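J.: please find the sequence and the predicted model below.
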Amino acid sequence: MAAKSRLSRIRNIGIAAHIDAGKTTVTERILFYTGKSYKMGEVHDGEAVMDWMPQEQERGITITSAVTTCQWENHEIHIIDTPGHVDFTIEVERSLRVLDGVVVVFCAVGGVEPQSETVWRQADRYGVPKIAFINKMDRVGADYQGVLAQMKKRFNSFPLPVQIPMGKEDGFLGVIDLVRMQAIQWDNSTKGQEYAYGDIPADLMAEALEHREGMISLLSDMDDGIAEKYLEGAEIAAAEIYEAIRKAAISLQAVPVMCGAAFKNKGVQPLLDAVVRYLPSPEDIPPVRGINPSTREEDVRISSEKEPLAALAFKIMQDEGRKLTYLRIYSGRINVGDDLFNASRGKKEKISRILKMHANKRERVEQAGAGDIIAVMGLKEITTGDTICSEEHPILLEMIDFYEPVISLAIEAKTPADQEKLTAALGKLMDEDPTLRVRYDDETAQTVLSGMGELHLEIITDRLFREFNTRINVGKPRVVHRETIQKQVECEGVFERELAEKKHFGSVRLSLEPAGRGSGVEIVRRFDDKAPLFSEEMVAAMEDGIKEGLQSGVLAGYPVIDIRVAIIGGVVREGETTLLGCRIAAATAFREGCLKAEPALLDPIMLVDIITPSEFMGEVIGDIHARRGEIQEITPKGATNEIRAKVPLKAMFGYSTDLRSATQGRAVFTMQFLAYDKTGLSPPT
């Protein structure tokens, strides 16, 4: 049998989950069992290798995605451990954009929780194959079959159990491998390093046979070879089943499901085996597609070191004042000292160092090739989402989508020296975090930060103080609104002024009409019979004026959305109509139109997921209604209930404290942005 190529032995995977499902604990065990680390770091002790930021260690949560590399069964596994908190979902988004597979960790008690659902859908959007690992089988209330049922209900993908647990809660002993039909048990005295395959206990044999039959039956729907043997009643070899599962996983038809208790050191090595067996190598994924910036035609890159270079910058970090750029190399090679071309910026830059990362530690290497996830130094003008390639064969890969911020915070430096530090620090933080927005308010002389949630902004202000030694005063969080209009109007704007001894004239007529919620902004040209013949440059200037107006609404200066603007006419004066005149006239017409079109303020509406013990259901639902919330769904989960509701963000400040008080500290919640809409709540002061 021919030796496997280097590329076929690479796995680029992410570990993703809802907060507190045990994702970082799973990663720590993987590093220990693969020999990458010699001590198991525990999240609750603040010693997890992958949670290296002080803010992560103090809070016991993952904030930034960390990259590491380990070896298993002669395979090289690049792992990205991603955050589970919804405020840092961009970290998951940009990681999934460059990964070939993902292990989604579920809590056997909590089941399919809100953020694990979000991660699953993000993976579906990018076509990333998945393995599900149901963790915490040793916890009171663990329910393997219950989690499988939730997965079937919530997701389009078929969950395909390839293991079942031996016992649960205190009686969780190990797992039964349905492919090999053997029991796996771990030796506690060796921290789970030693484990053995053995016979399935007699009292579990009937259950194991039933589940194996179900697994083979599902596979037979997806694989003709398995179907033929299944119908004939012939014996199916383990190697054939492995191959069928791999095909089903890579084609997104099924998701292999496994289980264990990572904290008790059970279930992790078979999970590593599954990563190698079922998830794709860079050779198995479709060629990456992009646009040739010169010809604007589609171009593709096959995952091979012989192809021209194509790499995506998916994360920027500051490292002691120097910019560290994380790259996923799709094709080609890079060497230290190479001149690289940033196709997104049209600029050449030189790489000074190539680093293999292990959380915040690193190993210097001289070169890297297709399939690698590495960090480089020396790229100064790069930002998240930029494409790095060879100048002779340029390609622009698809950009990473970023989320709009929904909450803002005013900060001000305590001294002029702090103001200088603040400006530099915010520039570096915005390089790292595309969801952080910064603007300066001339009226209040304050800097306004906008982000994804209260925790997001809390971490940013903490980092300004600790990392950048910047002393600041922090205001209260405020909601970031949007504006819209409620009726159709026609309006006219005229600009006539002499500037620098030149006469500038512009006259524009617009039609403004409200569009459906979530439809965004549309600018169209719909000239009527009376419209003069405008040049293309004049119309483009009008569109620029409208875009300026859209940035700042008439009620409170927030961006205007859900509106359709049509340019319908105007006046042209020979020798006097200028591009400046057209632009200012269009901006004036837009503003006048908004004032007449019943402007309205839109609030960010959040999708709130609350897990509460059943006895507190009444109080929790009553409180949601008091906050002008709308209950969407209530799902019983054993002794608890999951409540999904739409609630205005403005009504959610301080909710964590109120929820704890109402439920004796036993309920938890997450929220994420859903849409902008009218709520009838009072406008901001």
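T.: Looks like it arrived, so ask away.
J.: mind listing the strands for the stretch 151-300 of the chain?
T.: For the stretch 151-300 of the chain, the strands defined by DSSP state E, counting those that start in this stretch occupy 158-161, 163-166, 174-177, 182-186, 195-198, 254-259, 288-291, 298-301.
J.: and those strands: which comes nearest residue 415?
T.: Among those, strand 288-291 comes nearest to residue 415, with 47.4 Å by C-beta to C-beta. In short, each C-beta sits where N, CA and C put it, glycine included.
J.: and the closest residue to residue 22 other than its chain neighbours, how far from residue 315?
T.: Of all residues not flanking residue 22 in the chain, residue 135 sits nearest, at 4.2 Å (C-beta to C-beta, 6 or more residues apart in numbering). Noted for residue 135: a distance of 26 Å to residue 315, by C-beta to C-beta, to the nearest Å.
J.: who has more neighbours, the two?
T.: Neighbour totals were compared for residue 135 and residue 315, and residue 135 leads with 31 against 26 (other C-beta atoms under 10 Å).
J.: which strand residues bridge the more buried one?
T.: On the basis of DSSP bridges, residue 135 is bridged to residue 107.
J.: run through the neighbouring helices and strands of the helix or strand where residue 104 lies.
T.: In the assignment (DSSP states H and E), residue 104 maps to strand 101-107. Contacts defined by 3 or more C-beta pairs under 8 Å, 6 or more residues apart in numbering; DSSP states H and E place strand 101-107 against strand 10-17, helix 23-33, helix 114-125, strand 130-135, helix 268-278.
J.: any buried residues in the last one, and which?
T.: Just to be clear, that refers to helix 268-278. 268-272, 274-278 (16 or more other C-beta atoms under 10 Å).
J.: I'd like the residues you listed as TSV, with pLDDT and distance to residue 612 appended.
T.: TSV is the format used below for the buried residues of helix 268-278 (pLDDT from 0 to 100; distance: C-beta to C-beta, whole Å):
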residue	pLDDT	distance to residue 612
268	92	32
269	94	36
270	95	34
271	95	31
272	94	36
274	95	34
275	95	35
276	95	40
277	94	39
278	95	36
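J.: got CSV for those, with distance to residue 500 too?
T.: Putting those into CSV (distance: C-beta to C-beta, whole Å) gives the following:
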residue, distance to residue 500
268, 72
269, 76
270, 76
271, 71
272, 71
274, 71
275, 67
276, 70
277, 72
278, 69
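J.: could you point out which of those is nearest to residue 502?
T.: Nearest to residue 502, judged by C-beta to C-beta, of the buried residues of helix 268-278 is residue 275 at 68.3 Å.
J.: my guess is that closest one contacts residue 103. True?
T.: Yes: between residue 275 and residue 103 there is a contact under C-beta atoms under 8 Å: 6.8 Å.
J.: which neighbours do these two share?
T.: Here residue 275 and residue 103 share the contacting residues 13, 131, scored by C-beta atoms under 8 Å, 6 or more residues apart in numbering.
J.: which non-adjacent residue is nearest the spatially most central residue of the chain?
T.: Centroid check for the chain by C-alpha atoms, centre = their mean gives residue 93 as the closest residue, at 2.3 Å. Nearest residue to residue 93, sequence neighbours excluded (C-beta to C-beta, 6+ apart): residue 122, at 5.8 Å.
J.: gap between the two ends of stretch 302-310?
T.: 10 Å (C-alpha to C-alpha, to the nearest Å).
J.: residues in contact with it?
T.: Outside of stretch 302-310, the residues within contact range by C-beta under 8 Å, 6+ apart are 7, 282-283, 285, 287-288, 290, 301, 329-334, 340, 369-371, 387-390, 392-393, 395, 397.
J.: got it, and stretch 654-665?
T.: Residues outside stretch 654-665 that contact it (C-beta under 8 Å, 6+ apart): 610, 612-613, 616, 619-620, 623, 627, 667, 669.
J.: restricted to helices, list those residues.
T.: 619-620, 623 (DSSP state H).
J.: hang on, the earlier thing: could I get the helices and strands packed on strand 101-107 as TSV with distance to residue 240?
T.: Compiled in TSV, the helices and strands packed on strand 101-107 are given as follows (distance: least, C-beta to C-beta, whole Å):
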stretch	distance to residue 240
strand 10-17	22
helix 23-33	28
helix 114-125	27
strand 130-135	19
helix 268-278	13
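J.: out of those, nearest to residue 489?
T.: Proximity of the helices and strands packed on strand 101-107 to residue 489 was assessed by C-beta to C-beta; the nearest stretch is helix 114-125, lying at 38.1 Å.
J.: which strands or helices does the closest one pack on?
T.: Judged by 3+ C-beta pairs under 8 Å, 6+ apart, helix 114-125 is in contact with strand 10-17, helix 89-98, strand 101-107, strand 668-677.
J.: so for the second one, mean pLDDT?
T.: Summarised as a single mean, pLDDT over helix 89-98 is 71.
J.: begin at 24 from now on, thanks
T.: That works, and once the first residue is 24, the last one we named lands at helix 112-121.
J.: and residue 494, how far from residue 556?
T.: The spacing between residue 494 and residue 556, counted by C-beta to C-beta, is 60 Å.
J.: and what of residue 268?
T.: To residue 556, residue 268 is 66 Å away according to C-beta to C-beta.
J.: compare these two (neighbour count), which wins?
T.: Higher neighbour count among residue 268 and residue 556: residue 268, with 25 against 7, using other C-beta under 10 Å.
J.: surely that one is in contact with residue 183?
T.: Yes: using C-beta under 8 Å, residue 268 is in contact with residue 183, at 6.8 Å.
J.: give the residues shared as contacts by the two.
T.: Both residue 268 and residue 183 are in contact with 242, 277, 279, where contact means C-beta under 8 Å, 6+ apart.
J.: going through those residues, which ones are buried?
T.: By 16+ other C-beta under 10 Å, these give 242, 277, 279 as buried.
J.: so what pairs up with the second one in the strands?
T.: The one in question is residue 277. With DSSP bridges applied, residue 277 shows beta-bridge pairing to residue 181.
J.: what do you get for residue 696?
T.: Counting by DSSP bridges, residue 696 is bridged to residue 629.
J.: measure it to residue 149 for me?
T.: With distances taken as C-beta to C-beta, residue 696 is found 20 Å from residue 149.
J.: OK, contacts around residue 313?
T.: With contact set as C-beta under 8 Å, 6+ apart, residue 313 has these partners: 321-324, 333, 410, 418-421.
J.: using ChimeraX, define a selection of the buried residues within those.
T.: Buried residues within the contacts of residue 313, by 16+ other C-beta under 10 Å, are selected in ChimeraX with:
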select :322,324,333,410,418,419,420
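J.: need the contacts of residue 313 in TSV with distance to residue 441, can you?
T.: Rendered in TSV, the data for those read as follows (distance: C-beta to C-beta, whole Å):
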residue	distance to residue 441
321	49
322	48
323	50
324	46
333	43
410	37
418	43
419	40
420	39
421	40
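J.: if we only consider the contacts of residue 313, which is nearest to residue 611?
T.: Sorting these by distance to residue 611 puts residue 419 at the head of the list, at 37.1 Å, by C-beta to C-beta.
J.: on that earlier part again, okay, residue 696 and residue 149: which has more neighbours?
T.: Taking other C-beta under 10 Å, residue 696 and residue 149 do not tie; residue 696 has more neighbours (20 against 14).
J.: what's the spacing between that one and residue 395?
T.: Residue 696 sits 34 Å away from residue 395, going by C-beta to C-beta.
J.: now residue 282
T.: Distance from residue 282 to residue 395, by C-beta to C-beta: 32 Å.
J.: between those two, who's got more neighbours?
T.: The neighbour comparison of residue 282 against residue 395 (other C-beta under 10 Å) goes to residue 282, with 31 against 25.
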